[in-house]
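**Q** Provide a 3D model corresponding to the input given below.
(chains A and B)
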Amino acid sequence: MKKIIISTLAISALLFTTSCKTDFDTDVKDIAVTNGEANFSKYVALGNSLTSGFRDNALYIDGQNESYPLILSNQMKLAGGGAFKQPMMPNNSGGFSNLANPATGDFYGKIVLGVGCNNALAPKPSAPGAALDNISTGGPYQNLGIPGAKSFHLGLSSYGMLNPYYTRFSTGVSPINAAVSQAPTFFSLWIGNNDVLSYATSGGTGVDQTGNANVTTYGNNDITDPTLYKSVINTYVTALTANGAKGVLANIPNVTSIPFFTTVPSKPISNLTDSQASQLNTAYAPYNAGILQLKSMGVISDAEYQSRVIKFTAGSVANGAVILDKDLKDLTGLNPALKSYRQTTSEDFIILPAANLIKPFDATCNPQGMSAGTAVPLADKYVLTQKETLKVITATKAYNDALKDIAASKGLAYVDANTKMNELGGQSGIVWDGVRYSAKFVTGGAFSLDGVHLTGRGYAIIANEFIKAINAKYKSTLPQVDPNKYSGITFP
Amino acid sequence: MKKILISTALLAGVLSYAGGFRVSLQGVKQLAMAHTSAHAEDASVAFFNPAGMSFIPSKLSIVAGGFGASNKVTFQNLNTLSSAETDNPLGTPIYAAIAYKPAKNISVGFSFSTPFGSTVQYPNDWEGKELVQKMELKSFYFQPMVSVKMTDWLSFGASYIYAKGKVDWDKAVTQFGGTVNINDNKASGHGYGFGFYFRPDPSFDMSIAYRSPVDMKAKNGTATFKAPSQNTVNALLGLNSAGQDSFTATLPLVEEYTIGMTYKATSKWLISADFNYHGWGRYSKLTLDFANAPIGNQADPTVLVAPKNFKNSKTFRLGTQYAFSNMIYGRLGAYYDESPYSDENFIPETPSFNTYVVTGGLGFKLKQFGVDVAGGYAMPQARDVKNPNIGFYGQAKAKAFYFGLGLSYNVFN
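**A** Numbers count the residues shown, from 1 in each chain, chains lettered A, B, ... in the order given. Now for the predicted structure:
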């Protein structure tokens, strides 16, 4: 017994000395940040609003101070990175008072959260901060993110005359030349969102220009030809890497995962009273009868008929909103009353600005009840239909394939922003140290009040994706940032 | 003395790394021997096994003691290169017990102890501030008990457990730029314990004991939100004008199975070994059911469920005592205590590690009086933290040591 116990003690003692790993292998305080094969001494960022730090539908100082290129450059400074200058806005409201357009909301100040009717939170635009300024002599600027820019805009030497955000700091050369002339050692390029986004946010009112490379024929809300997209990106990257610079490309997120499209339910009409439902059904009875007649005559197929029948159900049932869909067969030639009406399905996206138009009846806050989507159809511009969505997704995929090819052929780091955004838009979102981020409007924390652009926290999440891609490609060890330290939605 | 000890316990928190928030500090003599249980020398056996009271040599035995438990947890994130260290207060668990034999084969007793608890205090702006800034858990067990000596070599004892407790949890709510405090100091629960104590041979003791789980029910907790935009937050979360909402929750204090043995190798030298099995598997999740605040993650948005996924754990203990004289005793021990959760379930509010502990102590006996001192040095094993439920990744390590002073008074007849 004694011997057994003694040998047990000896074994325990051995265990202590051999398996005790009470300390860290490496203490973070001893870790040096390295640049690996990249040289971060002169970093320039090219892109659109996402690169500029735009959020809450405006470019303003607080947002610029949390742009992902600035976050990135601050981490690069730990590994030999140089100064990073941004074309700072003159105020914290954003917008340009001399250009503000009340009809579209363009160039207004940032959207802020206010307390509206019945203490509900309501996003409201604020007044523009000042007239358009000019800071072109303060350059060169390393953040060349220009709100509204599409892929082919970056190569236009006249772009300073087309876009006030670029007018502010343009020296008369194209954004790409403004970058190349600084001889960057490292660059980031994230461009192409607007090549599909403006089509999508306009409810598909533009034209899909796939197959047409002549940009002079493009409208503002058109989808850019993917072949043209690939060729301009290739030109930019060739110019940027000519002196041996390294860089990172990011792909285009599927715009349909953002709150601008997902906040208003695709079947937004519910809790109708019996009398409301029957009134609506009575009102649409002639229309239903008309298309039934055309079906029986063989003018439209049964599928087309089924998609166009309008029927409202009372109670908790979610009804589709009545919309005007330009992709339906035009029947007005046969009967002017048979407009291209149908109800939305779960495959359609109703955009955020339509929220105010289809608010349910509320004695205090909305005594008029629903003003669109029921008796009055919702205009085409408020709905991105299934057909239109498909065009957006097809173009996005083509852009992303092109980006991936170019990154691979030029040996550049590649950020799969699309996958990260989809993760954010998924059911469980992204969790960081106990904070859950999702694409839910206002409460999700990642998207700003315009439903399209990110918050400081969202940009930090994206900056971390850039850091991961850069580290993986160039064997650098830039540390990630803590997104929770950046700003989210500001509550009133 | 008693007053001083109790007020100390109320002022300071309690902590140990003994798996989850179980504190293995209930007897100074026992701690010196790796907190082994088969020691029926005085009333301190009562907490470990009520049946042990029957083998206490004295007719009346009173013990009391207290500990200091010091610890520090360090967390580092290799992605962001940030690190944080806790600044925990000294934990001061205490115990007191009395055992009395009104008849030859009957013993009655009472044990007061603090078997579960912890206080962790992180820097307010550390990376995991949204998970915890400060967490204080406390429990007090009040156990009346009785033991019957069935034969010369066997006894059976049972106890009733009344538990009181407190939870006080601060964390940041960065979305609102504020904090929330989750508090209930009136939580209570019930349980029981029973055990057999064997002495088949004067040189061999064996203790088999079970202590039941206690569900500490917080029936009227208070969650207090503080934010710069207090009115908005109050309206948004359905809080009252003080920024408060009530909640209910149940925190499980788990059952423990113990088998312990002591072998007297010589009249001066004894050796003890223990095996504990802790039922942490019961702590699969923590559910906070708020009255109004819709901050939950379930179909009913006022119900917040946090997965914990603890698993049952084991402790192995080995201790020894040598009598230098009739008055002076030396003690040593070592034990290994298993963490009740995996790296994927590490939570910073109750940090836990697989831990080796070495212990030692001295005992002095003067007629009926005994004074014991003990100390323990813990070597928690550093671990990789990768909890996807809370998005918490990095590495954690800890340091801890304990010391204790115990008094005993035994009346023979």
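
**Q** Count the residues that sit near the closest residue to chain B within the stretch 151-300 of chain A.
**A** Across the stretch 151-300 of chain A, the shortest distance to chain B (CB to the nearest CB) belongs to A:Pro259, at 15.7 Å. Quick note: C-beta positions are derived from backbone N, CA and C, even for glycine. Number of residues near A:Pro259 (other CB atoms under 10 Å in any protein chain shown) recorded here: 22.

**Q** How about the closest residue to chain B within the stretch 301-450 of chain A, nearest residue that isn't a chain neighbour?
**A** Distance from chain B to each residue of the stretch 301-450 of chain A (CB to the nearest CB) is smallest for A:Val431, at 3.2 Å. The shortest distance from A:Val431 to any non-neighbouring residue, by CB to CB, 6 or more residues apart in numbering or on different chains, is to B:Gly391 (3.2 Å).

**Q** wait, the one you found sits on A:Ile430?
**A** Yes. With contact defined as CB atoms under 8 Å, B:Gly391 reaches A:Ile430; the gap is 7.2 Å.

**Q** what residues do these two have in common as contacts?
**A** Overlap of the contact sets of B:Gly391 and A:Ile430 (by CB atoms under 8 Å, 6 or more residues apart in numbering or on different chains) consists of A:Arg436.

**Q** where does chain A dip in pLDDT?
**A** Along chain A, the model assigns pLDDT under 70 to residues A:1-20.

**Q** quick one: the strands in it?
**A** For chain A, the strands defined by DSSP state E occupy A:43-47, A:111-115, A:121-125, A:143-145, A:186-190, A:246-250, A:322-324, A:341-343, A:349-350, A:383-384, A:413-415, A:430-432, A:435-437.

**Q** Which residues in the second one does the neighbour count mark as buried?
**A** Buried residues in strand A:111-115, counting neighbours by 16 or more other CB atoms under 10 Å in any protein chain shown, are found at A:Ile111, A:Val112, A:Leu113, A:Val115.

**Q** Could you list the paired strands of it along with their orientation?
**A** Sheet neighbours of strand A:111-115, with direction, are listed as strand A:121-125 (antiparallel) (DSSP bridges).

**Q** What are the contacting residues of the strand it pairs with?
**A** In contact with strand A:121-125 (CB under 8 Å, 6+ apart) are residues A:57, A:105, A:108-116, A:442, A:449, A:491-492, B:232, B:236.

**Q** wait, what's in contact with the residue of the stretch 301-413 of chain B found nearest chain A?
**A** Closest to chain A within the stretch 301-413 of chain B is B:Gly391: 3.2 Å, counting by CB to the nearest CB. Applying CB under 8 Å, 6+ apart to B:Gly391 gives the contacts A:Ile430, A:Val431, A:Trp432, A:Asp433, A:Gly434, A:Val435, A:Arg436.

**Q** Neighbour-wise, give me the winner out of those.
**A** A:Asp433 (25 neighbours).

**Q** so what's it up against?
**A** The contact partners of A:Asp433, taken as CB under 8 Å, 6+ apart, are A:Asp482, A:Asn484, B:Glu127, B:Gly128, B:Lys129, B:Glu130, B:Leu131, B:Ile390, B:Gly391, B:Phe392.

**Q** again with A:Val322
**A** By CB under 8 Å, 6+ apart, the residues touching A:Val322 are A:Tyr284, A:Ile310, A:Tyr341, A:Arg342, A:Gln343, A:Gly373, A:Thr374, A:Val376, A:Pro377, A:Leu378.

**Q** show me the residues around the fourth one that make contact.
**A** Contacts here follow CB under 8 Å, 6+ apart; on that basis A:Arg342 touches A:Ser307, A:Arg308, A:Ile310, A:Gly320, A:Val322, A:Ile323, A:Asp325, A:Leu328.

**Q** ok, the last one touching A:Glu304?
**A** Yes. With contact taken as CB under 8 Å, A:Leu328 and A:Glu304 are classed as touching, separated by 7.3 Å.

**Q** So for those two, which residue has more residues nearby?
**A** Using other CB under 10 Å, the more surrounded residue of A:Leu328 and A:Glu304 is A:Leu328, with 20 against 16.

**Q** phi, psi of that one?
**A** Main-chain torsions, A:Leu328, degrees, to the nearest 10: phi -80, psi 160.
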